[in-house]
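Visitor: Quick one, fold the following:
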Amino acid sequence: MRVVDLIINLFIGKGFLLFSLFLFFTITKSQIFQRFSDQKKIEDLTIIRDQQKINLNKNNLKNFIFKDGDRVLYEDKLTEFTIDNDTLIFFDKVKEIESVALKNINFNNKVERDLSITKLKNNLFCLQTNYETGVLVKVDTDNKKVYIKSITLYPKIIANLKDDEIILEISLLPVINNFPDSNNPILTFTENYSNIKKNKWTILLPRIIKYPENGFVLSFNLKYSKNNVNALYFQSSPDTFTFQYNPKYYGGWKMTEPIGFMYKLKILQ
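Guide: Numbering: from 1, shown residues only. Predicted coordinates for the structure are as follows:
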């Protein structure tokens, strides 16, 4: 064999070997468990399902099918988790943020504000039937990753609508060029109108989501047999903006005056 051929074969062989090692490294390292607070990586975890323990490791994570109610057991504590690509991220801290304190939030020393001290405590924001309305959810995350588990709103008046089953369509929409993007929702789900609670209503998201850098719009569309019926009156806040959707008159979404829903986020860290 010529020297040139030998050299080519060696490089091809090494190249294949390096590629194989890289592929093996990618596959084995991509299945990881990570504690969110300090990004610590864990070799294996225990999932609690119906009071039964299930051991997970990086080899069986990819094919494991999670169910509602599953929790991670870590250091004898049950924690929330989410799946980000091939990484299971579990959370060891939970904090709540109110929309009345959007700026300069200190996650290490947050002072909660009582709803009653809000300067617009007597003002209400009305949600009408068949008229999609959204509220801008935007908080200062202090350049940290934040995951959202639930959103709490404060309905003060709930109209007694007559239909047997009235559905509230709920969407979390990304913000593109300062407007909601209805074509690429982060989440879309429904809630029965009869399940809305007066004074304090917590919306548990179908899955934990990562808070987008530009915030998101929480959108509602209450499906009913009659249009523009005043159905829900929410506690308002001067620190939130609302959007209304009307393709005929607005050509899509339109930002309204800076008076929107009072909300509270439950975030996981």
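Visitor: Same question for the residue nearest in space to the middle of the chain, what's its three-state structure.
Guide: Centroid-nearest residue in the chain, with CA atoms, centre = their mean: Ile209, separated by 2.9 Å. Recorded secondary structure, Ile209: strand (DSSP: H, G, I helix; E, B strand; the rest coil).
Visitor: which residues sit in contact with it?
Guide: Thr82, Tyr147, Ile148, Leu172, Ile186, Leu187 (CB atoms under 8 Å, 6 or more residues apart in numbering). Yep, even glycine has a C-beta here, placed from its N, CA and C like the rest.
Visitor: redo that, cut-off 7 Å
Guide: Ile209 makes contacts with Tyr147, Ile148, Leu172, Ile186, Leu187, as judged by CB atoms under 7 Å, 6 or more residues apart in numbering.
Visitor: Phe90 now?
Guide: Arg35, Phe36, Val72, Tyr74, Thr79, Glu80, Phe81.
Visitor: What are the structural domain limits within this protein?
Guide: According to automatic domain parsing, the chain comprises the domains 30-92, 94-268.
Visitor: if you compare those, which one is most tucked away?
Guide: Of all the domains of the chain, domain 94-268 has the most neighbours on average by mean count of other CB atoms under 10 Å, namely a mean of 16.
Visitor: Quick one: distance of that domain to the chain centre.
Guide: The chain centroid and the centroid of domain 94-268 are separated by 12 Å under CA atoms, centre = their mean, to the nearest Å.
Visitor: all numbers from here: first residue = 447
Guide: OK, 447 is where the count begins now, so the last one is domain 540-714.
Visitor: Need the mean per-residue confidence for that domain.
Guide: Mean pLDDT, domain 540-714: 82.
Visitor: Endpoint to endpoint, that domain covers what distance?
Guide: From the first residue to the last, domain 540-714 extends over 5 Å; the measure is CA to CA, to the nearest Å.
Visitor: likewise stretch 636-654?
Guide: With CA to CA as the measure, stretch 636-654 spans 16 Å from end to end.
Visitor: which residues touch that stretch?
Guide: Residues from elsewhere that reach stretch 636-654 (CB under 7 Å, 6+ apart): 526, 528, 593-602, 604, 607, 611-616, 633, 635, 668, 714.
Visitor: before we move on, the earlier item: relative to Gly580, which of the contacts of Phe536 is nearest.
Guide: Taking CB to CB as the measure, Gly580 lies nearest Glu526 of these, at 25.9 Å.
Visitor: quick one: the closest residue to that closest one other than its chain neighbours and Thr492, what's the gap?
Guide: Counting by CB to CB, 6 or more residues apart in numbering, Glu526 lies nearest to Phe537, which is 5.0 Å off, once chain neighbours are set aside. Noted for Phe537: a distance of 16 Å to Thr492, by CB to CB, to the nearest Å.
Visitor: One more: Asn569?
Guide: For Asn569, the distance to Thr492 equals 49 Å [CB to CB].
Visitor: hang on, Ser640 in a helix?
Guide: Yes: assigned with three-state DSSP, Ser640 falls within a helix.
Visitor: ranges for the helices of the stretch 597-715 of the chain?
Guide: Under the criterion DSSP state H, counting those that start in this stretch, the stretch 597-715 of the chain carries no helices.
Visitor: where do the strands sit along it?
Guide: Secondary structure of the stretch 597-715 of the chain (DSSP state E, counting those that start in this stretch): strands at 601-604, 613-622, 625-626, 633-638, 647-656, 662-669, 676-683, 688-692, 698-701, 706-707, 709-714.
Visitor: same thing with the stretch 447-596 of the chain?
Guide: So, for the stretch 447-596 of the chain - with DSSP E, counting those that start in this stretch - the strands run 478-481, 486-488, 490-495, 498-503, 517-520, 523-525, 527-530, 533-536, 540-544, 570-574, 579-583, 593-599.
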